[in-house]
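> Predicted model follows, preceded by the sequence.
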Amino acid sequence: MLASNENPFGPSPRAIAAMQDVAAQVHIYPDPDYGALRAAIAEAKGIKDVSRLAVSAGSDEIIHLLTQAYAGPGDEILFTEHAFSMYNVSALGHGATPVTVPETDFTAGLNALLGGVTERTRILFLANPNNPTGTMMSVQELQSLQDALPPHVLLVIDGAYAEYVSEAYEADIRDLVDRRSNTVMIRTFSKIYGLAALRLGWGYFPAEIAATFQRIRPPFNINAFAVAAGTASIGDTDFIEMSRRHNAEWREIYITRLNAMGLPTPKAFANFVLPDFGTAERASAANEYLKENRVLVRAVGGYGLPSRLRISIGTAEDNETVLALLAAFTASR
């Protein structure tokens with residue numbers, strides 16, 4: 001299963017133990033403020049003011065609640081042409097108009113983003129690294145974007161895959177929130193932490209936006225298993241670093257070998273790659289061939305990339321299997 005960008009090693013052993021410990025107490029509601037979880041995140045991520053940090057039922061919930069709070073009919077929500085699909089879904093769900101701008105080499109660009117801003121723009125969603133392209137803007141470009149955006153636009157930097165870049169980058173996007181009062185960072189436990197089924201996310205906000213978010217957040221939106229697992233896993237630096245090293249090593253192996261097969265694959269910064277099969281028909285045939293051999297990857301025609309497949313980075317065995325199958329496929333077609 002290499003279709004959903006999950007951690008192939010599963011969750012941290014600390015998270016599993018924590019969930020086992022809490023199983024007998026699930027008849028009791030969790031702390032409505034999630035104080036222990038928020039404190040653990042703040043300590044791990046160098047956040048000094050816990051009141052500006054909120055947790056959520058996956059980062060999708062933050063996307064929806066920010067849209068609910070700051071955009072509606074007559075407003076515009078901006079993102080790039082191959083952006084994460086939930087930005088479009090949330091805009092439409094709240095009556096706002098989704099606006100897309102083109103990418104350059106599958107990467108968001110400063111000029112394109114600024115060119116898409118109008119007086120009606122209320123939110124700019126930017127996944128960095130982006131899903132499904134795996135590309136990203138530099139921190140310097142993000143700072144330039146912040147400085148050039150008018151104050152009526154909320155910049156939401158989606159760092160779902162930030163851990164796969166580096167600890168330094170995680171700190172950089174945290175600090176971007178402190179640079180401007182119109183910038184938010186959202187994160188997830190679904191990727192490197194291996195907690196996708198628990199639906200746990202978090203965000204770091206300017207104080208005023210944090211207060212708004214907490215007022216509209218549903219009560220008890222996080223379940224006790226997610227609280228326990230998140231609190232335990234956020235500080236498991238050995239597990240996180242092992243996952244990051246494995247991913248970086250195999251990401252480069254994938255890119256090198258896929259390019260050698262004649263499947264152009266852009267440089268990536270997340271935990272997946274995006275090879276180009278030349279045509280939509282050939283990509284579909286490759287997808288079916290992999291399915292026939294019990295391998296699931298993600299077709300991304302719905303993202304406007306019909307000739308490509310998104311392949312999550314799995315275990316060494318999984319990766320070798322996929323690469324061998326694709327070598328056989330490309331040799332015969």
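Structure received. Numbers count the residues shown, from 1 in each chain.
> which residues does the nearest residue to Glu119 once chain neighbours are set aside contact?
Spatially, and ignoring its direct neighbours in sequence, Glu119 is nearest to His152 (7.6 Å; Cβ to Cβ, 6 or more residues apart in numbering). Where you see a C-beta, it was placed from the backbone N, CA and C, and this is true even at glycine. Contact analysis of His152 by Cβ atoms under 8 Å, 6 or more residues apart in numbering lists Glu119, Thr121, Arg122.
> helix, strand or coil for His152?
coil (DSSP: H, G, I helix; E, B strand; the rest coil).
> now it: how far from Trp250?
The gap separating His152 from Trp250 is 43 Å, by Cβ to Cβ, to the nearest Å.
> Spell out the secondary structure type for the residue nearest to Ala280 when sequence neighbours are not counted.
In this structure, Ala280 finds its nearest non-sequential neighbour in Pro306, 3.7 Å apart by Cβ to Cβ, 6+ apart. Under three-state DSSP, Pro306 falls in the coil class.
> pretty sure Pro306 is touching Arg282, no?
No - assessed by Cβ atoms under 8 Å, Pro306 is found out of contact with Arg282, at 10.2 Å.
> could you pull out the helices for this structure?
Counting by DSSP state H, the segments of the chain that form helices are 13-22, 35-45, 58-70, 85-93, 110-115, 139-148, 167-179, 207-216, 224-233, 237-260, 280-292, 316-332.
> The second one: which residues count as buried?
What that stands for is helix 35-45. Leu37, Arg38, Ala40, Ile41, Ala42, Ala44, Lys45 (16 or more other Cβ atoms under 10 Å).
> Kindly reformat these as JSON lines containing distance to Ile28 and pLDDT.
Below are the buried residues of helix 35-45 laid out as JSON lines (distance: Cβ to Cβ, whole Å; pLDDT from 0 to 100):
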{"residue": "Leu37", "distance to Ile28": "16", "pLDDT": "98"}
{"residue": "Arg38", "distance to Ile28": "19", "pLDDT": "97"}
{"residue": "Ala40", "distance to Ile28": "20", "pLDDT": "98"}
{"residue": "Ile41", "distance to Ile28": "22", "pLDDT": "98"}
{"residue": "Ala42", "distance to Ile28": "24", "pLDDT": "98"}
{"residue": "Ala44", "distance to Ile28": "26", "pLDDT": "97"}
{"residue": "Lys45", "distance to Ile28": "28", "pLDDT": "97"}
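> Make JSON lines out of the contacts of His152 and add neighbour count, pLDDT and distance to Ile209.
Shown next, in JSON lines, are the contacts of His152 (neighbours: other Cβ atoms under 10 Å; pLDDT from 0 to 100; distance: Cβ to Cβ, whole Å):
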{"residue": "Glu119", "neighbour count": "8", "pLDDT": "97", "distance to Ile209": "21"}
{"residue": "Thr121", "neighbour count": "21", "pLDDT": "98", "distance to Ile209": "17"}
{"residue": "Arg122", "neighbour count": "21", "pLDDT": "98", "distance to Ile209": "13"}
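> Can you list the low-confidence ranges for the stretch 201-333 of the chain?
Judged by pLDDT under 70, the stretch 201-333 of the chain has no weakly predicted residues.
> In space, what's closest to Asp236 - neighbours in sequence excluded?
That would be Ser12: by Cβ to Cβ, 6+ apart, it lies 4.3 Å from Asp236.
> pretty sure that neighbour contacts Phe239?
Yes - with contact defined as Cβ under 8 Å, Ser12 reaches Phe239; the gap is 4.3 Å.
> More neighbours: the two, which one.
Neighbours per residue (other Cβ atoms under 10 Å) separate Ser12 from Phe239, with Ser12 holding more: 25 against 21.
> Spit out the contact partners of the more buried one.
Per Cβ under 8 Å, 6+ apart, neighbours of Ser12: Tyr193, Gly194, Ala232, Ser233, Asp236, Phe239, Ile240.
> my guess is Arg282 contacts Ser307, does it?
Yes - using Cβ under 8 Å, Arg282 is in contact with Ser307, at 7.2 Å.
> nearest residue to Gly109 other than its sequence neighbours?
Glu103 (6.7 Å).
> per-residue confidence at that neighbour?
pLDDT for Glu103: 96.
> Please work out how many residues are found near it.
Neighbours around Glu103, by other Cβ under 10 Å: 19.
> isn't it right up against Met137?
No - the criterion here is Cβ under 8 Å, and Glu103 misses it with Met137 at 10.4 Å.
> Which neighbours do these two have in common?
With Cβ under 8 Å, 6+ apart, Glu103 and Met137 have common neighbours Gly109.
> can you give me the end-to-end distance of stretch 203-222?
14 Å (Cα to Cα, to the nearest Å).
> Need the residues that contact it.
So stretch 203-222 is in contact with 29-30, 32, 34, 37, 45, 47, 49, 51-57, 59, 61-62, 65-66, 68-69, 154, 174, 177, 180-187, 200, going by Cβ under 8 Å, 6+ apart.
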